[in-house]
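In: sequence first, then the predicted structure, then my questions.
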Amino acid sequence: ASLLVIDYPAQTPGHVAKILDAFSTRACESGDKFGFPVRLLLLEREAEGEWFKTIAPAGSRGDLVRDFCFTEGAELEHRLSPLSRADLITIMRGRLPNLGPLSDDELYSALLRVDSNLSLDGEAFAPRPFFAAATGQAIADAVASGKTPGDIINTLQRKEVLATLIERERRQFWSEGEAPYGADERRRQKLHENLLIIATMALNLPRRRFEEECPEGARKYLPNSETLDGERYHRMAGGDPEDMFNRLEPDILGEFFVLDSLKHRDSATRQSLIEAGLRLGEDDAAIFLSRCALDFPDDWNALDCLRPEGDLAAMRTFAKAAFNIAALLSDDHFKNVEIVVSDAVSLSDGRMDQSLSESAAKALVNKGIRLGALGRSEDEIAAYDEVLARFGAATELPLREIVAKALVNKGIRLGALGRSEDEIAAYDEVLARFGAATELPLREIVAKALVNKGIRLGALGRSEDEIAAYDEVREGHPLDLRVHLGEGAS
């Protein structure tokens, strides 16, 4: 049997698609498949999104790949279970010197404090092996520096563990020579770490793109063709710096490194690196921002949510991240949602950039939906009103579609509050603004508004008006009448 593992397939979906296509074709052409069990495991944070559409596209080739995929509910002969408590403690002890009577319970309690590993809905998972190894190493390094095991194990926190790990890498692999380092070495080291910051924000940075598109304002903080040490960068992040500047992995270590490093840069350096990372990373940098918001919300907030100031491409990336973050952050950190969405909207003001405006409008709609889920109905309605006020005059189809969805959502919330006439007025505004539209997405939203209006009229005992609304759907806006749910910003 063979088990093949591909880490981060979303970063190179085209290459993964070729591999899957070749395997699937071979399996179908050979009468006995491969003659032995073959399993391919793709490791990614989310098993959805554009990357999966690339590796299994619509059509015959994608159908072939999907035929070999496990589906929900399928019986798996070889399930991958989380490591047991005993396994995790073994990993920790493997990095510890003989520290005397440290019990398994003490070690595991320290690990749980470092890696609570909760899902968005609060479900607890087993601590991750990476943190078991990192926590054990942090305890060992602290003891080596003269601290007592008891003091360390009762106070150790996640950021302390990650900082210890990065400092160890810096001392053993990233630096040249022995400490104390001279001024020239400290300067070279900082330049390369700045490059690692923007490459990590970009979730890997092609060298050619860096050379051709890096903002001029950031170049003075980064190594140039004469000062770049490819061997040093390889020690820092692996890969081949001649082709690609790799990010610092695993993800959570890279996120902490970026946030902690930026915190210690002066404001001019920090802002230049943020803008460069967002500009060069585009959608991948938006993903990185979303991960920082999830994993280190307080640190991310303390750095103004990594908000750009002057670069338009960086602003687009930030607004895309705001749209994602509005849906992802837990209720405990909803204040950060309000901050980042407000920032995205303010960045779009007066810039007449469709991509930026579209992401900002979507973020506002998602914010409204979240406010409704929190029971803040009036604030939800205010968010939809802000979409209308800021983007209601737009002529571009994507923005008009978002405005129409916001109005439908507003009507639904008004109805839930018992404000039936206001609800009907919201649907009537959809009809007034978009009733004559010929574009299919708008026609569908108008139809949903009519269906919702009909349902409300029926509940008010206005049966003739209800029937007239359904007749209008049938005659001008064909749609399944069962559809009358609110719209998110997709």
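Out: On my side now, so go ahead.
In: got a pLDDT number for residue 438?
Out: pLDDT recorded at residue 438 is 89.
In: and for the one 10 residues further on?
Out: Among the per-residue scores, residue 448 holds a pLDDT of 93.
In: convert the helix or strand harbouring it to CSV, retaining C-alpha atoms only.
Out: Here residue 448 is covered by helix 440-459, with elements defined by DSSP states H and E. Provided in CSV are the C-alpha atoms of helix 440-459 (Å, rounded to 0.1, in the frame of the first residue of the first chain):
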residue,chain,number,x,y,z
LEU,A,440,-30.2,37.5,-14.4
PRO,A,441,-28.7,38.0,-10.9
LEU,A,442,-30.8,41.1,-10.3
ARG,A,443,-34.0,39.4,-11.7
GLU,A,444,-33.6,36.6,-9.3
ILE,A,445,-33.2,38.9,-6.3
VAL,A,446,-36.3,40.9,-7.5
ALA,A,447,-38.2,37.7,-7.7
LYS,A,448,-37.2,36.8,-4.1
ALA,A,449,-38.3,40.2,-2.9
LEU,A,450,-41.7,39.7,-4.6
VAL,A,451,-42.1,36.2,-3.0
ASN,A,452,-41.2,37.6,0.4
LYS,A,453,-43.6,40.5,-0.1
GLY,A,454,-46.4,38.1,-1.1
ILE,A,455,-45.8,36.0,2.0
ARG,A,456,-46.0,39.0,4.2
LEU,A,457,-49.1,40.3,2.5
GLY,A,458,-50.7,36.9,3.1
ALA,A,459,-49.9,37.0,6.7
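In: list the buried ones in that helix?
Out: 442-457 (16 or more other C-beta atoms under 10 Å). Just so you know, the C-beta spots here come from the backbone N, C-alpha and C atoms, and that holds for glycine as well.
In: same question for stretch 214-224.
Out: Applying 16+ other C-beta under 10 Å to stretch 214-224 flags 214-215, 218, 221-223 as buried.
In: next secondary structure after the helix holding residue 448?
Out: With DSSP H and E, the next secondary element past helix 440-459 is helix 463-476.
In: list the helices and strands that next one packs on?
Out: Counting contacts by 3 or more C-beta pairs under 8 Å, 6 or more residues apart in numbering; DSSP states H and E, helix 463-476 is packed against helix 440-459.
In: which helices and strands sit right next to the helix it packs on?
Out: Using 3+ C-beta pairs under 8 Å, 6+ apart as the contact criterion, the elements in contact with helix 440-459 are helix 397-416, helix 420-434, helix 463-476.
In: that older thread, just the ones of the buried residues of stretch 214-224 in helices?
Out: Using DSSP state H, residue 218 are the members of those that sit in helices.
In: export the buried residues of stretch 214-224 to TSV and tack on distance to residue 161?
Out: Converted to TSV, those look like this (distance: C-beta to C-beta, whole Å):
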residue	distance to residue 161
214	32
215	34
218	30
221	28
222	29
223	29
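In: in CSV: the helices and strands packed on helix 440-459, plus distance to residue 111.
Out: As requested, the helices and strands packed on helix 440-459 are exported to CSV (distance: least, C-beta to C-beta, whole Å):
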stretch, distance to residue 111
helix 397-416, 43
helix 420-434, 52
helix 463-476, 58
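In: out of those helices, deepest packed?
Out: Each of the helices and strands packed on helix 440-459 was given a mean neighbour count from mean count of other C-beta atoms under 10 Å, and the largest, a mean of 23, is that of helix 397-416.
In: which of the helices and strands in this structure ranks last by mean pLDDT?
Out: Using mean pLDDT, DSSP states H and E, the weakest-scoring helix or strand in the chain turns out to be helix 60-67, at a mean of 70.
In: got the CA positions of the helix or strand harbouring residue 199 in PDB?
Out: Per DSSP H and E: residue 199 is located in helix 183-201. Output in PDB follows, covering the C-alpha atoms of helix 183-201 (Å, rounded to 0.1, in the frame of the first residue of the first chain):
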ATOM      1  CA  ALA A 183      26.200  46.100  13.500                       C
ATOM      2  CA  ASP A 184      26.600  44.900   9.900                       C
ATOM      3  CA  GLU A 185      25.400  41.400  10.700                       C
ATOM      4  CA  ARG A 186      22.400  42.700  12.600                       C
ATOM      5  CA  ARG A 187      21.500  45.000   9.600                       C
ATOM      6  CA  ARG A 188      21.800  42.100   7.100                       C
ATOM      7  CA  GLN A 189      19.700  39.900   9.400                       C
ATOM      8  CA  LYS A 190      17.000  42.400   9.700                       C
ATOM      9  CA  LEU A 191      16.800  42.900   5.900                       C
ATOM     10  CA  HIS A 192      16.400  39.200   5.300                       C
ATOM     11  CA  GLU A 193      13.800  39.000   8.100                       C
ATOM     12  CA  ASN A 194      11.900  41.800   6.500                       C
ATOM     13  CA  LEU A 195      11.900  39.800   3.200                       C
ATOM     14  CA  LEU A 196      10.600  36.800   5.200                       C
ATOM     15  CA  ILE A 197       7.800  39.000   6.600                       C
ATOM     16  CA  ILE A 198       6.400  39.900   3.200                       C
ATOM     17  CA  ALA A 199       6.900  36.400   1.700                       C
ATOM     18  CA  THR A 200       5.000  35.000   4.700                       C
ATOM     19  CA  MET A 201       2.200  37.500   4.200                       C
END
